[in-house]
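Student: Take this sequence and fold it.
(3 chains, ligands or ions: 2)
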Amino acid sequence: MFSVSLKSRNSPLQKLDGRTKLIFLAVIFILVLLFTDLLYITALLALVLAAWFIAKLPTQPLKEMLQFFVWIAVIILVVQVFFYPGTTNLVHISKPVPAIGFSGYLTLEGILFGLAMVLRLVVIMIVAPLMVMTTPLPELMLALVKLKIPYKFAFIMTTALSLLPSIQNRSAIIQQAQLCRGISYDSGGKFITKLKASVSLLIPLILGAFRDSQTLEVAMNSRAFGAPIKRTFLLESRFTPVDILVIAGTFTLLTVGVMLRIRGFGVY
Amino acid sequence: MTDQEQPKTELESSTPLEQPGSTVTQVRTYKAKGRIAGMSIAVLAIWAALYIVASAIPALPVPGMAGMITLNAIMTAISGMILGPAAAIANAAGGIVSMILFPYGFSAGPLGFLTVTMGGLVAGLFMANKWVPAAIAEILIIGSWFVNPQSWQTGMWMVPLPYSAIALLVIVIKPVRDWVRNAIITQNKKTMWLAVFVMCMIGHAAEFLTTNTMVNWMFNLTWQYWVPTLPYWIMVDTVVILASTIVGVGVLVGLKKARLPLFPTTLEK
Amino acid sequence: MPEPVVIQCREVSFLYPNGVQAIHNISLSIYRGDYIAFVGQNGSGKTTLVKHFNGLLKPSTGSVTVFGEETRDKKVSYLSRKVGYVFQNPDDMLFSSNVADEIAYGPRMLKVDPELVEAKVESILQELDLKNLRDTHPFALSLGDRQRLAVACALSLDPEVFVFDEPTTGQDFFGSQSIMGLIDELHQKGKTVIIITHDMPIVAEHAQRVIVMNKGEIALEGSPQEVFSQVEKLQSLSLKAPQVTLLARALGESSRTILHIPEMVDWLQARFPVTIKSGEELPHV
Ligand SMILES: Nc1ncnc2c1ncn2[C@@H]1O[C@H](COP(=O)(O)OP(=O)(O)O)[C@@H](O)[C@H]1O
Ligand SMILES: [Mg+2]
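Tutor: Numbering: from 1, shown residues only, chains lettered A, B, ... in the order given. Ligands and ions are numbered 1, 2, ... in the order given. So this is what the prediction gives:
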């Protein structure tokens, strides 16, 4: 599995507040689920791609993501193209097969709807990486806290992040220890071997981490976790005029989208 | 485990806080603040970190799903049994961070973390013997599948049958419920395996039906997709539950043998 | 006649994927029956080097041969039958539900005949004094017993060479004594032993050959006497010879390097016969 990390250090998107980007992400997600019309979804995709290029992000991750999801996309497309109850017949394929709900024709509506669903998938999949690749993780965490997610929850996330390197390291060591105990991952994909490898990785990993938990708890208590004071952050975030502008634009977009949808536009 | 039984930490013994008269109660509230549903925040953070690491490791070599099923499926299935209802929080935290770090593994998009939250929630409530909320959560999960008109098509009622419907029955039928919880809490050598299998089934079923429901809302997949692929999904889920059972038993027994605090015994007190 | 070479490194360098060059151009021969201690500051590349001995890491450039076979195209599961590796933390190696199954795990993975596995497990339980713990859960064992069990797991694959990464770190005095006793026994039975340690008295007392690593290279090499006599050089590498060695120097001994307390007692008796009568009262080390 490949991961996404900060890719763009000096772009207009990097300068935006984390909260602004989270709001943008949420609004795009809502809008793309609101509409089923290919035209509307294409417009949203264009908006996200424009942001991608404004952020000067590399196109390589886009390609990788599309490759990763190509099979899901194909399934979505095939199911819609063949089984969407369209009325405008385009291509004759066979006699109708009522048992599987196939009319015998590929319809215009089916094709448009299928494409719309595929593009919806693309939008959903690239909008989150767009934000992650332009926002350092601590800033993202701060944005979540500022958007008033419970402090305990934010604390769990940030502590988990700080524990990550040591647990990753342990996981690598345990996998090496397994190799020394005779497991071979590369033995032609034997199902049972892989299952055994997963099991014998997770058990010591979880138990070892729980062993360490007692030390961590003492450390947290001695740092007076939960003291009833107003917390301050090393990192501070502030909305700039550009943020206000982007947020205003985003909300306008949302309002217009909802209005259109209520009036019946953008759906079949 | 109660607060009094905890080993004294530096904070408690030296009490560097104001108001000498009220120090004891003050310290207790601090400790209480460090817990969610009986689980210490430190443990939840560790679980979240484990969850993130597990999300990066492709696990079960299920045909057609190369790299998509990661070890976090196993983590979700066993989380409720080990952490109780707080598993929902730990899974959500781990899920959100993994989505940020490896967004590809989540087919349900930005709300994908909700699926693993539900997995931890239902199994955790069950384990804590809060069967009414557990049943309500399970009914909501199954119900949300049927709210979508898509699910009224031919044969779509079958999708929640394997595992989610069975999970609901286990939750509401008292003798079964008590038997499962007892076998796990007492770590009965013979019956524990089946009980842990049932627990993992409850956890995993809540996760995957939520996923299915979300995918169905987002991409309007029809019965022509769901019904023919159902046997395949049952196979995949069974493999995940079986693997989770082996890990779950190993972790429960190991925690007890190493005398580490674990949820089922915490409840006994 | 010198013993045959079991592990041979030729100009080995290793680059971690993140770009850290952990070892540079190391050439080294390890002979059958050697008892080698690798020492050096944290981060000097000791672990990285010894992980090449059973193929856990493959050299970026150069070559490593184990019993004449190039490690590059061999699996770790195959090489583990020749070179056993015991990790610093035994918990990283243990995942079965009882001691006997834990020991049997490796041979079973390698598809050894079940009857032979059974016999092997019995003999190892006997040898490592784990017999009455055979049905115990590994996590219920003491740290010392878990470490014995980790050694047992390596032993179950019958390797000729044993690598121990920091076997005594985090152990108390008796824990260290016990594991070092076990390692000495393996060596007496003719196995080749390689340990990594920061504990100089242990090096002085047990090893026959010391290799000092610094910044990914071999900085010093030789018998404990040879290495510990170079006090200034060691100091420049942020290492320190054992206290007894330094004490003997401070007392004016410069013709030879004293490594352990019994040696020191002999020397003191020879030099100050009046003040020290006998070594019997001294703690046995
Ligand atoms: N998995 C790894 N990835 C990247 N760098 C590593 C890794 N392991 C060790 N290093 C680096 O390689 C160097 C040598 O490390 P190591 O072999 O562990 O030294 P030692 O065992 O002597 O303490 C160090 O600079 C360390 O930071
Ligand atoms: Mg090391």
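
Student: Going by C-alpha atoms from here, please, whenever you check contacts or count neighbours.
Tutor: Fine.

Student: Buried ones in stretch C:47-63, by neighbour count?
Tutor: Under the neighbour-count criterion of 16 or more other C-alpha atoms under 10 Å in any protein chain shown, stretch C:47-63 has C:47-59, C:62-63 buried.

Student: Next one: the host helix or strand of residue A:204, is it in contact with chain C?
Tutor: Assigned by DSSP states H and E, residue A:204 belongs to helix A:191-222. Yes - Helix A:191-222 is in contact with chain C by C-alpha under 8 Å from any C-alpha of the partner chain, via A:200, A:203, A:204, A:205, A:208.

Student: Pick out the lowest-pLDDT one from those residues.
Tutor: Lowest in pLDDT among the residues of helix A:191-222 next to chain C is residue A:200, which has 84.

Student: That one touches residue C:95, doesn't it?
Tutor: Yes - with contact defined as C-alpha atoms under 8 Å, residue A:200 reaches residue C:95; the gap is 5.7 Å.

Student: more crowded one of those two?
Tutor: More crowded of residue A:200 and residue C:95, by other C-alpha atoms under 10 Å in any protein chain shown: residue C:95, with 27 against 23.

Student: now that one: how far from chain A?
Tutor: Applying C-alpha to the nearest C-alpha, to the nearest Å, one obtains 6 Å for the distance of residue C:95 from chain A.

Student: Show the backbone phi and psi for residue C:193.
Tutor: phi -120, psi 130 (degrees, to the nearest 10).

Student: just residue C:15 next, same as before
Tutor: phi -120, psi 120.

Student: Let me see the confidence value for it.
Tutor: Looking at residue C:15, the pLDDT reads 95.

Student: what does the stretch 101-250 of chain C put close to chain B?
Tutor: So the stretch 101-250 of chain C meets chain B at C:137, C:139, C:140 (C-alpha under 8 Å from any C-alpha).

Student: Would you quantify the distance from the last one to chain A?
Tutor: Here residue C:140 is placed at a distance of 12 Å from chain A (C-alpha to the nearest C-alpha).

Student: residue contacts, that residue?
Tutor: B:257, B:258 (C-alpha atoms under 8 Å, 6 or more residues apart in numbering or on different chains).

Student: what about residue C:225, how many neighbours?
Tutor: By other C-alpha under 10 Å, the residues close to residue C:225 number 17.

Student: ugh, wrong one, I meant residue C:239
Tutor: Residue C:239 has 18 neighbouring residues, counting by other C-alpha under 10 Å.

Student: name the helices or strands packed onto the helix or strand harbouring residue B:134?
Tutor: Per DSSP H and E: residue B:134 is located in helix B:131-147. Applying 3 or more C-alpha pairs under 8 Å, 6 or more residues apart in numbering or on different chains; DSSP states H and E, we find helix B:131-147 packed against helix B:113-127, helix B:166-172, helix B:192-219.

Student: how about these, which one is nearest residue A:27?
Tutor: The closest of the helices and strands packed on helix B:131-147 to residue A:27 is helix B:192-219. By C-alpha to C-alpha, the value is 15.2 Å.

Student: Run the chain-centre distance for that closest one.
Tutor: 9 Å (C-alpha atoms, centre = their mean, to the nearest Å).
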